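> got a predicted structure here, sequence first:
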Amino acid sequence: MEGVDHLAHERNKSEFDVDAMKIVWAGSPHAFDVSDRISKLVASDPGFRKDNRSTLSRKELFKNTLRKAAYAWKTIVDLRLSEEEAAKLRFYVDEPAFTDLHWGMFIPAIKGQGTEEQQQKWLPLAYKMQIIGCYAQTELGHGSNVQGLETTATFDPQTDEFIIHSPTLTSSKWWPGGLGKVATHAIAYARLIVGGREHGVNGFIVQLRSLEDHSPLLGITVGDIGMKFGNGAYNTMDNGVLRFDHVRIPRNQMLMRVSQVTCEGKYKQSDVPRQLVYGTMVYVRQTIVADASCALSRAVCIATRYSAVRRQFGSQNGGPETQVIDYKTQQSRLFPLLASAYAFRFIGEWLKWLYADVTQRLQANDFSTLPEAHACTAGLKSLTTTATADGIEECRKLCGGHGYLCSSGLPELFAVYVPACTYEGDNTVLLLQVARFLMKTVSQLGSSKKPVGTIAYMTRVEHLMQCRCGVQRGFAELSVDLVEAAVAHCQLIVVSKFIEKLQQEIPGKGVKQQLEVLCNIYALFLLHKHQGDFLSTGCITPKHAALANDELRSLYSQVRPNAIALVDAFNYTDHYLGSILGCYDGNVYPKLYEAAWKDPLNESVVPDGYHQYIRPLLKQEIRTARL
Ligand SMILES: CC/C=C\C/C=C\C/C=C\C/C=C\C/C=C\C/C=C\CCC(=O)SCCNC(=O)CCNC(=O)[C@H](O)C(C)(C)COP(=O)(O)OP(=O)(O)OC[C@H]1O[C@@H](n2cnc3c(N)ncnc32)[C@H](O)[C@@H]1OP(=O)(O)O
Ligand SMILES: Cc1cc2nc3c(=O)[nH]c(=O)nc-3n(C[C@H](O)[C@H](O)[C@H](O)COP(=O)(O)OP(=O)(O)OC[C@H]3O[C@@H](n4cnc5c(N)ncnc54)[C@H](O)[C@@H]3O)c2cc1C
């Protein structure tokens, strides 16, 4: 029945203060207030409706996304929302759109790689959305290998301009979000050529479309790259293709914080690492870790609530069947994902601190922690997105057949999320970067340069020094093992930071105790998953392994009465979850049944095509039967 909380009996089992846990999840009372207020604002406004996406054609879907983006911007301006509130509003609108790349990459690139003068010129236009930007780095022929990009930017001293050109088909820009139909400007990455000499890949601000009638400018060929994985999903985003035919831009549109070209055609490299050109990717990778905890917690919230609602088998003397959340197999699949959601939340908080710290150091020309920041953002982006994509799929399976319905919210969440394993750096390529960082650390063991921070533990691997010669077999030859070592390194960071979080003051009855249970589940689940490595290296004995498994089972029993309260702490509205299986009141079956009849296919009792195709078939069968 509507208005009845079918999960009340579960909520009454909670052994901790859920409101206090909501603050821990949000990060602070202020952050909770902003999230709670903005999520309810979006949920209550029919202008942000999203339950019809799977029934729209690509063009209808895209036009609807443009309408929503404009409506969101009007809401932000009318309500005078702060930057923080505006970002939250875009988040709860929950639809990949050009605005993600405008705010999430185009603006950060100008802030990170532009000079003061360039920031003063371009940021006010971008903040007021008087220009709409995209981040055009990837090409048809190169994405991972940035130094392999082919687009050229040749300096013309006669006119004090750069000539941006796509010399080959494979140099076509390909994938940039927002590029296909909306962006008026791009940060285009190209090989800088001055006086016939190449100076590596740099970023250039290039106008793509007229601000009068949106038509592509002279020398610009631009369009959408076509449908992507799944219906709805990421097809609300106009990922585009772009070719330059000798497009001229003023010299001052090369982002010049890292490298400069003077009007005389002299190339100058600032005394900063050239990798600062990659700074925007580092920034986005750390936001993607926070996004992972959001996406995984959404899926876990749906699967946990439904697992408490769903009953299957186990009826005693005609009594109710067993809640599937009480099956040990269901718990062993679901609760490590619940623990991971909390673990990723806290590692995302720490990574945000690490990124802010390295950014502050860069302003003082202190580059000492840049390698660690690169390794951590790359490795944790890889680890958390892989685990989240796999976790969303596992949550679909935990919901049985109904998890495959669009109305469960899980198919679309999966389809929107999985490219996170690829964009902002293919996950394996990024782990290889971590492996390179670890091997460089090993090579420095014994020198005066002592490992600190997240690699401090490596001082305890002195024995690696003796086998240093062993790794002469070549990085490529050992890359599979090195990638596994990189994953283990990142998992150690996640566990360590979860433990550090628990050493902080955490208010609320029972809250810290619940987090300790989740931290132990996360750590012991990893030990169980990689038991072979721990045993083969002698880190644990078979008895330790058996004890860990026993403790995991005990921990699952401790989580069980608190599971619904732990997902309630995410404080997601039914609108944001977009899931009948995950609705707050657990009133699943009536809502599933009602939703079925709203499908366009049920607008007519007899389907289109019956008279044309089915009736003749049936008639023919009757004739055949008479033969
Ligand atoms: C999705 C939306 C859904 C819903 C909407 C709701 C909310 C959205 C809200 C916000 C959204 C925010 C953003 C948008 C969201 C998602 C993003 C969407 C789209 C993604 C956009 C992209 O994909 S942009 C393109 C990304 N491309 C890449 O990542 C390319 C990967 N390749 C590389 O980074 C490099 O090629 C490389 C690192 C692999 C190799 O580089 P290179 O060859 O130059 O270097 P070497 O390997 O030789 O190493 C040399 C030394 O340099 C060091 N190094 C390398 N990189 C860095 C770095 N970044 N920083 C510091 N140092 C670096 C390296 O370690 C070596 O050092 P040594 O000491 O060993 O010499
Ligand atoms: C939804 C989506 C949105 C995107 N948005 C943008 C955007 O806004 N702007 C932008 O510039 N780009 C964007 N991209 C592009 C994205 O950044 C690239 O696709 C990504 O960096 C991967 O590069 P690639 O496609 O070249 O993969 P590849 O490198 O071709 O990967 C193919 C395979 O090769 C393997 N591989 C590659 N190099 C090595 C190596 N050295 N050693 C071992 N294995 C290797 C990879 O692990 C992978 O298995 C987007 C992509 C997607 C899917």
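Noted; the coordinates are in hand. Numbering: from 1, shown residues only. Ligands and ions are numbered 1, 2, ... in the order given.

> any idea of the pLDDT on Leu445?
Listed pLDDT for Leu445 reads 82.

> that one against Thr459, yeah?
Yes. Leu445 lies in contact with Thr459 (Cβ atoms under 8 Å); the separation is 7.2 Å. Bear in mind the C-beta positions are built from the backbone N, C-alpha and C, glycine included.

> what sits in contact with each of the two?
Pro451 (Cβ atoms under 8 Å, 6 or more residues apart in numbering).

> looking at those two, which one has more neighbours?
Leu445 (17 against 13; other Cβ atoms under 10 Å).

> in the stretch 51-200 of the chain, what residue comes closest to ligand 2?
Gly143 (2.5 Å; Cβ to the nearest ligand atom).

> give me the nearest residue to that residue, chain neighbours excluded.
Excluding its sequence neighbours, the residue lying closest to Gly143 (Cβ to Cβ, 6 or more residues apart in numbering) is Trp175, at 7.0 Å.

> ditto for Gly409
Nearest non-adjacent residue to Gly409 (Cβ to Cβ, 6+ apart): Ser579, at 3.1 Å.

> surely that neighbour is within a helix?
No. Judged by DSSP: H, G, I helix; E, B strand; the rest coil, Ser579 forms no part of a helix; its state is coil.

> wait, Cys592 touches Gly401, no?
Check again: residue 592 is Leu, not Cys. No. Between Leu592 and Gly401 there is no contact under Cβ under 8 Å: 10.7 Å.

> out of those two, which sits in the busier spot?
Taking other Cβ under 10 Å, Leu592 and Gly401 do not tie; Leu592 has more neighbours (15 against 7).

> I'd like the distance between the residue nearest to Gly143 and Ser54.
24 Å (Cβ to Cβ, to the nearest Å).

> so for these two, which sits in the more crowded spot?
Trp175 (21 against 16).

> correct me, but the more buried one touches Leu242?
No. Applying Cβ under 8 Å as the test, Trp175 and Leu242 come out as separate, 10.0 Å apart.

> now tell me which helix or strand of the chain has the poorest mean pLDDT.
Least confident helix or strand, the chain: helix 463-466 with a mean of 53, by mean pLDDT, DSSP states H and E.

> relative to ligand 1, how far out is the residue nearest to Gly143?
7 Å (Cβ to the nearest ligand atom, to the nearest Å).

> and Ala20, how many neighbours does it have?
Neighbours around Ala20, by other Cβ under 10 Å: 17.

> sorry, wrong one. I was asking about His575.
18.

> residue ranges in the stretch 101-250 of the chain under the pLDDT threshold?
With pLDDT under 70 as the threshold, the stretch 101-250 of the chain has no low-confidence stretch at all.

> quick one, strands of it?
133-136, 152-156, 161-165, 173-174, 185-194, 197-207, 220-224, 240-244, 247-250 (DSSP state E, counting those that start in this stretch).

> so what strands line up beside the last one?
Taking DSSP bridges as the criterion, strand 247-250 pairs within the sheet with strand 161-165 (antiparallel).

> got the angle for the strand it pairs with vs strand 220-224?
50 degrees (axes from the mean of the first three to the mean of the last three Cα atoms, to 10 degrees).

> what helices or strands is whichever helix or strand comes after the least confident helix or strand of the chain leaning on?
As assigned by DSSP states H and E, the chain's next helix or strand after helix 463-466 is helix 479-502. When contacts are defined as 3 or more Cβ pairs under 8 Å, 6 or more residues apart in numbering; DSSP states H and E, helix 479-502 packs onto helix 328-363, helix 370-398, helix 427-444, helix 511-529.

> and those helices, which is most packed in?
helix 370-398 (a mean of 24; mean count of other Cβ atoms under 10 Å).

> tell me how far that one is from the chain's mean position?
Centroid separation for helix 370-398 versus its chain: 8 Å, with Cα atoms, centre = their mean, to the nearest Å.

> other SSEs contacting the next helix or strand after that helix?
Once the chain leaves helix 370-398, the next helix or strand it forms, by DSSP H and E, is helix 410-417. In terms of contacts (3+ Cβ pairs under 8 Å, 6+ apart), helix 410-417 is packed against helix 279-309, helix 370-398.

> which of the ones you listed sits closest to ligand 2?
Across the helices and strands packed on helix 410-417, closest to ligand 2 is helix 279-309 (Cβ to the nearest ligand atom), at 8.5 Å.

> for the residue lying closest to Gly232 once chain neighbours are set aside, what are its contacts?
Spatially, and ignoring its direct neighbours in sequence, Gly232 is nearest to Arg53 (4.0 Å; Cβ to Cβ, 6+ apart). With Cβ under 8 Å, 6+ apart as the criterion, the residues that contact Arg53 are 61, 64, 95, 231-232, 236, 412.
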